[in-house]
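Q: fold the following for me, if possible:
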Amino acid sequence: MIPYGRQNVDQADIDAVVEVLRSDWLTQGPTLERFERAVAERCQAGHAVAVCNATAGLHLACLAAGLGPGDLLWTSPNSFVASANCARYCGAEVDFVDIDPLTWNLDARALADKLARARALGRLPKVVVAVAFSGQSCDMGEIARLAREYGFRVIEDAAHALGARYAGEPVGSGRYADLTVFSFHPVKIVTSGEGGMVLCNDPGLAQRLRDLRSHGITRDPARMSEPSHGGWYYQQVELGFNYRMCDIQAALGLSQLNRLDDFLARRRELSARYQRLLGELPLQLPTQQDGAESAWHLYVVRLGEGLESRHRQVFEALRAAGIGVNLHYIPIHLQPYYRELGFADGDFPEAERYYRQAISLPLFPDLSDAQQEQVVDSLRRVLA
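A: Numbering: from 1, shown residues only. Coordinates of the predicted model:
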């Protein structure tokens, strides 16, 4: 079976992890700090805070942005559930903005229309989570403009987008988002096994993120409510979490980061080959908006007109042929948990139409040209 995604771990990665295992620091040590600095420098961000996974990063980003009970978060229905669940962890409400029919990202035009209606109703969001689906940013310039006009915070869920660029800048630079969250899950662009990172340019936000990821504890005497009792002393200044990344994970992530450009180049090469090889099939292929350079975490196609009724049959026939296709994503608002909150079929028609047509094809750096041609040939036979 050719999987839809797979990590690439080499001897240098293994050596980096072994070096930490033989060191004095398995967690909360110097390798973690080096990984944070390396990601911040790569993305031209002021601060990077490593966490145990990107879901934890989204949770902490929401808390740092001030989201809480009575507040509202908007995001895309075409994402993994974490993009919405982070609001619920904070006690906030969730709503969605339908997707662009070409990029399959949150539609900035639909966002503008919804904001105008929400202002009239006095129900504006406090946070918008803009998901960089498949590795391509949303129209972040327009979203940032709307944020200034309507007064909400922008969190870019860039779990798919390490190494991507928007308007000539690295995703994560903070030009268009208050906070950016990356994922280092094994199928992502680089991996730390499990792990995530939150980037921002505001030192106050960064300090809050660091406090929250480690139980809300400080050892800084200047932030304590009374003089220190001694060298052992710490205070819990707010309710935090144990969302730390260990140095073992950081060592793998830091080593993988050295090959980020190679990973991106191969993903882009394979995506360009898919565009050529699939061009004559009855499919809607992914598109890139002007000024955006995708990291190509996913390569998704949509079945063309008249093929929607065969969606499941095409998917299962490809699996039977040894092609490990997947589907990203089931619209979040159609999950049972969100249906119980009042969402229903028909609420976000473009995301629902996308779901009835989409198939994620295998895409990862070790996918060979021959394997890719096998994927295309199998898809051609199934569609015929």
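
Q: at which residues are the helices of the protein located?
A: With DSSP state H, the ranges of helices along the chain come out as 11-21, 30-43, 54-64, 82-89, 108-121, 140-150, 203-213, 247-257, 260-277, 311-320, 336-339, 349-355, 369-383.

Q: neighbouring contacts of the longest one?
A: Judged by Cβ atoms under 8 Å, 6 or more residues apart in numbering, the contacts made with helix 260-277 from elsewhere in the structure are 8, 42, 135, 162-163, 189-190, 256, 285-286, 294-297, 299, 361, 363-365, 367, 369, 372-373, 376. In short, each C-beta sits where N, CA and C put it, glycine included.

Q: then the first one?
A: The set of residues that contact helix 11-21 without belonging to it, under Cβ under 8 Å, 6+ apart, is 26, 29, 31, 247, 248, 250, 251, 252, 254, 255, 256, 258.

Q: from those residues, which single one is nearest residue 209?
A: Lowest distance from residue 209 to the contacts of helix 11-21 (Cβ to Cβ) belongs to residue 250, with 16.0 Å.

Q: what about that closest one, distance to residue 147?
A: Applying Cβ to Cβ, to the nearest Å, the value for residue 250 to residue 147 is 32 Å.

Q: pick out whichever of those two has more residues nearby.
A: Taking other Cβ atoms under 10 Å, residue 250 and residue 147 do not tie; residue 250 has more neighbours (29 against 21).

Q: circling back: out of the helices of the chain, which is closest to residue 130?
A: Nearest to residue 130, of those and by Cβ to Cβ, is helix 140-150 at 5.5 Å.

Q: would you mind measuring from the residue lying closest to residue 73 once chain neighbours are set aside to residue 337?
A: Nearest non-adjacent residue to residue 73, counting by Cβ to Cβ, 6 or more residues apart in numbering: residue 87, 3.7 Å away. Note on residue 87: its distance to residue 337, by Cβ to Cβ, is 12 Å.

Q: so these two - more neighbours on which side?
A: Comparing residue 87 with residue 337 by other Cβ under 10 Å, the one with more neighbours is residue 87, at 26 against 13.

Q: surely that one and residue 62 touch.
A: Yes: in this structure, residue 87 is within contact of residue 62 by Cβ atoms under 8 Å, at 6.2 Å.

Q: between the two, what contacts are shared?
A: Listed contacts common to residue 87 and residue 62 are 73, 127; contacts here mean Cβ under 8 Å, 6+ apart.

Q: tell me the domain boundaries of this structure?
A: Domain assignment for the chain by automatic domain parsing gives 11-257, 260-383.

Q: highest mean neighbour count out of the ones you listed?
A: domain 11-257 (a mean of 20; mean count of other Cβ atoms under 10 Å).

Q: could I get the average pLDDT for that domain?
A: Confidence over domain 11-257 (mean pLDDT, whole number) is 98.

Q: end-to-end on that domain?
A: Its first and final residues considered, domain 11-257 spans 14 Å by Cα to Cα, to the nearest Å.

Q: still on that earlier bit, let's have the helices of the chain in JSON lines, adding distance to residue 74.
A: JSON lines is the format used below for the helices of the chain (distance: least, Cβ to Cβ, whole Å):
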{"stretch": "helix 11-21", "distance to residue 74": "38"}
{"stretch": "helix 30-43", "distance to residue 74": "24"}
{"stretch": "helix 54-64", "distance to residue 74": "12"}
{"stretch": "helix 82-89", "distance to residue 74": "9"}
{"stretch": "helix 108-121", "distance to residue 74": "7"}
{"stretch": "helix 140-150", "distance to residue 74": "11"}
{"stretch": "helix 203-213", "distance to residue 74": "20"}
{"stretch": "helix 247-257", "distance to residue 74": "30"}
{"stretch": "helix 260-277", "distance to residue 74": "29"}
{"stretch": "helix 311-320", "distance to residue 74": "28"}
{"stretch": "helix 336-339", "distance to residue 74": "13"}
{"stretch": "helix 349-355", "distance to residue 74": "13"}
{"stretch": "helix 369-383", "distance to residue 74": "35"}
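
Q: nearest to residue 172, of the ones you listed?
A: Once Cβ to Cβ is applied to the helices of the chain, the stretch that comes out nearest is helix 30-43, at 3.3 Å.

Q: in terms of secondary structure, what does the closest one contact?
A: strand 47-51, strand 196-200, helix 247-257 (3 or more Cβ pairs under 8 Å, 6 or more residues apart in numbering; DSSP states H and E).

Q: mind running it again at 10 Å?
A: If contacts are counted by 3 or more Cβ pairs under 10 Å, 6 or more residues apart in numbering; DSSP states H and E, helix 30-43 sits against helix 11-21, strand 47-51, strand 169-170, strand 179-183, strand 196-200, helix 203-213, helix 247-257, helix 260-277.

Q: dump the ones you listed into JSON lines; add distance to residue 97 as well.
A: Shown next, in JSON lines, are the helices and strands packed on helix 30-43 (distance: least, Cβ to Cβ, whole Å):
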{"stretch": "helix 11-21", "distance to residue 97": "38"}
{"stretch": "strand 47-51", "distance to residue 97": "26"}
{"stretch": "strand 169-170", "distance to residue 97": "24"}
{"stretch": "strand 179-183", "distance to residue 97": "18"}
{"stretch": "strand 196-200", "distance to residue 97": "22"}
{"stretch": "helix 203-213", "distance to residue 97": "24"}
{"stretch": "helix 247-257", "distance to residue 97": "32"}
{"stretch": "helix 260-277", "distance to residue 97": "26"}
